[in-house]
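Need a 3D model of the following:
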Amino acid sequence: MDMLWNGWGDPAKAAPLPEAVTGLLRDLLGVKPRSTPDLSLEDIGLPAPAAGPAALAALAEAVGGEDHVRTDTESRVRHTRGKSTPDLLRIRTGDFSDVPQAVVLPGSHDEVLAVLRACAAHGLAVVPFGGGTSVVGGLAPQRSAFVALDLGRMNGLLDLDPVSRTAVLQPGLRAPEAEALLAGHGFTLGHFPQSFEWATIGGFAAARSSGQASAGYGRFDEMVLGLTLAAPEGTLETGRAPRSAAGPDLRQLILGSEGAFGVITSVTVRIRPLPRTRIYEGWRFASFDEGAAALRKLAQDGPRPTVLRLSDETETLIGLTQPDAIGGDLSQRGFGCLAITGYEGTPEDTAQRRAQAAAVLTACGGTLLGAEPGERWAHGRYSAPYLRDALLDVGAFAETLETAAFWSRIPELYRSVRTALTDTLTKAGTPPLVMCHISHVYENGASLYFTVVSAQGEDPVAHWTPAKHAANEAVLAAGGTISHHHGVGTDHRDWYVREAGPLGISALRAVKRRLDPEGLLNPGVLLPTD
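Numbers count the residues shown, from 1 in each chain. So this is what the prediction gives:
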């Protein structure tokens, strides 16, 4: 099944907003319906690919035939940009300025290398494409002549070692299919980001993804034990042991490189036995500061639940933790902050950790709300992107951004980003709702994930850009990182340059020149073009 070309996910799951929500947006934020072109794929006329017959023939030879090189309108449109709100707003208004010349589908590592050679010979840039779920401009290179390298044919489980508890997965394997293949052997990856239904294994590695059960399973980069990279200059293989002191860890150069250094063609990951029990619960705290202190206590001293997240007062009040409950009776929600805890494993282990964590949370001021809030969160955990699309449909602007910092800096980071977003959008005449949650915790810090909703303004993309830039500035000023798990792309690139520093960026440029001397791979993504 293909994802919506002008929205998120499964078309059958897209639903309009309840009237109560539309009214709330109108009354609270002044949201008004906008008239936008009702485009269909049949209405779109793209210019013929600028890549000539010789280039297309070379690509077809590289991947075993013309069937695996697509230049039709639908294929090219479906590989245009990612799924950020600006991406969708542009495509909904018929802006296809970032459309690829062709979509190429290799079936193996060697075919990827052959595609890179063909592109080098014909001056075509290459954008690796997995699930297409980037929300930071990671699929919009700064070159007009490029091909989308769709890895969907490379979607297998190549090896599983039950003794070592490792698996070798191909990059185009979508997360649900990966889980199904591993479950057939009694294992799980345990990686469940909000993009789970559509994102791919290669994309998780390329963007340093973090799943909603990261408190228990870890981030995806912690799961990766080895990987293989196809670069214009050849093949790079990393990870021959679980740990090594044989020089710097080259995996870390590739993890998070967003296709700028090469194409990940296989990933060796750590796997875990399928949990026999999954339990999710809700807790209420009087304030965000009180709840954050409780999460820090568990993260530092244990026991750490598998899922641990906390919504601030605004997100709790609106009910964003439970998208299917949006628009309900707000007077019945009460005040305070909702935390979700989840436990996975054996019945004995989960019961013990649950009881121990409950003692800590109670001592920190938490009130147990029972299983209902937790189960509702689990049921709707992948629904928020559909809600975003429905908001766009009625004239609201909705976007997210995330960061992370050490615990001591979390309060200032939280206040600074909220203030930057609120002040900028209010001055623009579109006062926003700014919501936030902590969804990933560590012994030394945590992530903050912000959701912003406002009226769209006259030009929705231009309306958002100053607010996004102000938030980026606030993140760096408050000691946060420019991205915790969405990646750098083009949206964060200029701030990443400042975060990494001149010498760090020079070192990464040197790596790119060695692996990709012609600058073919995702130009302008992650690193500025020369």
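
Output stretch 307-317 as CSV, restricted to C-alpha atoms.
Taking Å, rounded to 0.1, in the frame of the first residue of the first chain, the C-alpha atoms of stretch 307-317 are listed here in CSV:
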residue,chain,number,x,y,z
VAL,A,307,7.7,3.5,28.1
LEU,A,308,8.0,6.7,30.1
ARG,A,309,6.5,10.0,29.0
LEU,A,310,5.0,13.2,30.5
SER,A,311,2.7,15.8,28.9
ASP,A,312,2.7,19.4,30.1
GLU,A,313,-0.4,21.1,31.4
THR,A,314,-1.6,22.4,28.0
GLU,A,315,-1.1,19.1,26.2
THR,A,316,-2.9,17.3,29.0
LEU,A,317,-5.8,19.8,28.9
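
and that stretch, which residues are buried?
Using 16 or more other C-beta atoms under 10 Å as the test for burial, stretch 307-317 gives 307-317. Every C-beta, even on glycine, is put in place using the N, C-alpha and C of the backbone.

Out of these, which sit inside helices?
Per DSSP state H, helices hold the following members of the buried residues of stretch 307-317: 313-317.

of the buried residues of stretch 307-317, the lowest pLDDT goes to which?
Within the buried residues of stretch 307-317, Leu317 has the lowest pLDDT, namely 89.

And the strands in the stretch 351-500 of the chain, which stretches?
Applying DSSP state E, counting those that start in this stretch to the stretch 351-500 of the chain gives strands spanning 367-370, 396-406, 433-438, 445-455.

Quick check, Pro242 in contact with Val224.
No - with contacts defined as C-beta atoms under 8 Å, Pro242 does not count as touching Val224, sitting 11.4 Å away.

What count of nearby residues applies to Asp67?
Using other C-beta atoms under 10 Å, the number of residues around Asp67 comes to 9.

re the thing from before, make CSV out of the ones in helices among the buried residues of stretch 307-317 and add distance to Arg143.
CSV is the format used below for these (distance: C-beta to C-beta, whole Å):
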residue, distance to Arg143
Glu313, 45
Thr314, 41
Glu315, 39
Thr316, 44
Leu317, 45
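
Which one of the residues you listed is nearest to Ser483?
Proximity of those to Ser483 (C-beta to C-beta) peaks at Glu315, which lies at 20.2 Å.

Return the distance of the nearest residue to the closest one once chain neighbours are set aside relative to Ala167.
Among residues not flanking Glu315 along the chain, Met435 sits closest, at 3.7 Å (C-beta to C-beta, 6 or more residues apart in numbering). With distances taken as C-beta to C-beta, to the nearest Å, Met435 is found 37 Å from Ala167.

How about Leu113?
Using C-beta to C-beta, Leu113 is found at 24 Å from Ala167.

So for these two, which sits in the more crowded spot?
Counted by other C-beta under 10 Å, Leu113 and Ala167 do not tie: Ala167 has more neighbours, with 25 against 21.

in what helix or strand does that one lie?
In the assignment (DSSP states H and E), Ala167 maps to strand 166-169.

quick revisit: ok, the residue nearest to Glu315 - contacts?
By C-beta atoms under 8 Å, 6 or more residues apart in numbering, the contact list for Met435 reads 311-312, 314-315, 318, 320, 450-453.

And His185, by the same measure?
160, 162.

swap the cut-off to 10 Å and go again
By C-beta atoms under 10 Å, 6 or more residues apart in numbering, the contact list for His185 reads 157, 160, 162, 167, 271, 273-274.

Surely it is within a helix?
No - assigned with DSSP: H, G, I helix; E, B strand; the rest coil, His185 falls outside any helix and is coil.

And it, its phi and psi?
In terms of degrees, to the nearest 10, the main-chain angles of His185 are phi -110, psi 10.

just the one 4 residues further on next, same as before
Comment: the main-chain dihedrals of Leu189 come out as phi -80, psi -30, following degrees, to the nearest 10.

Report all helices and strands that the helix or strand containing Ala178 contacts.
If you go by DSSP H and E, Ala178 is part of helix 175-183. Secondary-structure packing of helix 175-183 (3 or more C-beta pairs under 10 Å, 6 or more residues apart in numbering; DSSP states H and E): strand 157-161, strand 166-169, strand 187-188, helix 201-206, strand 263-270.

redo that, cut-off 7 Å
Contacts defined by 3 or more C-beta pairs under 7 Å, 6 or more residues apart in numbering; DSSP states H and E place helix 175-183 against no helix or strand at all.

Just the buried positions in it, please.
Going by 16+ other C-beta under 10 Å, helix 175-183 has these buried residues: 175, 177-179, 181-182.

Can you give me the pLDDT of Arg117?
Confidence at Arg117, expressed as pLDDT, is 98.

nope, Gly457 is what I was after
In this model, Gly457 is scored at 87, pLDDT.

what residues are up against the residue nearest to it when sequence neighbours are not counted?
Among residues not flanking Gly457 along the chain, His463 sits closest, at 3.4 Å (C-beta to C-beta, 6+ apart). By C-beta atoms under 7 Å, 6 or more residues apart in numbering, His463 lies in contact with 397, 428, 430, 456-457.

Could you tell me which of those residues belong to helices?
The subset of those located in helices under the criterion DSSP H is empty.

between those, which is closest to Gly45?
Using C-beta to C-beta, Gln456 is the member of the contacts of His463 that lies nearest Gly45, at 26.5 Å.

these two touch, right, that closest one and Arg34?
Yes - counting by C-beta atoms under 7 Å, Gln456 touches Arg34, with 6.1 Å between them.

What count of nearby residues applies to Val63?
Residues lying near Val63 (other C-beta under 10 Å) number 22.

circling back: can you say which of the strands of the stretch 351-500 of the chain is nearest to Val103?
For the strands of the stretch 351-500 of the chain, proximity to Val103 was assessed by C-beta to C-beta; strand 396-406 is nearest, at 27.2 Å.

Could you pull up the mean pLDDT of that closest one?
When pLDDT is averaged over strand 396-406, the result is 97.

Report the buried residues of it.
Of all the residues in strand 396-406, those buried under the rule 16+ other C-beta under 10 Å are 396-405.

now swap in stretch 456-464 and tell me
By 16+ other C-beta under 10 Å, the buried positions in stretch 456-464 come out as 456-457, 460-461, 463-464.
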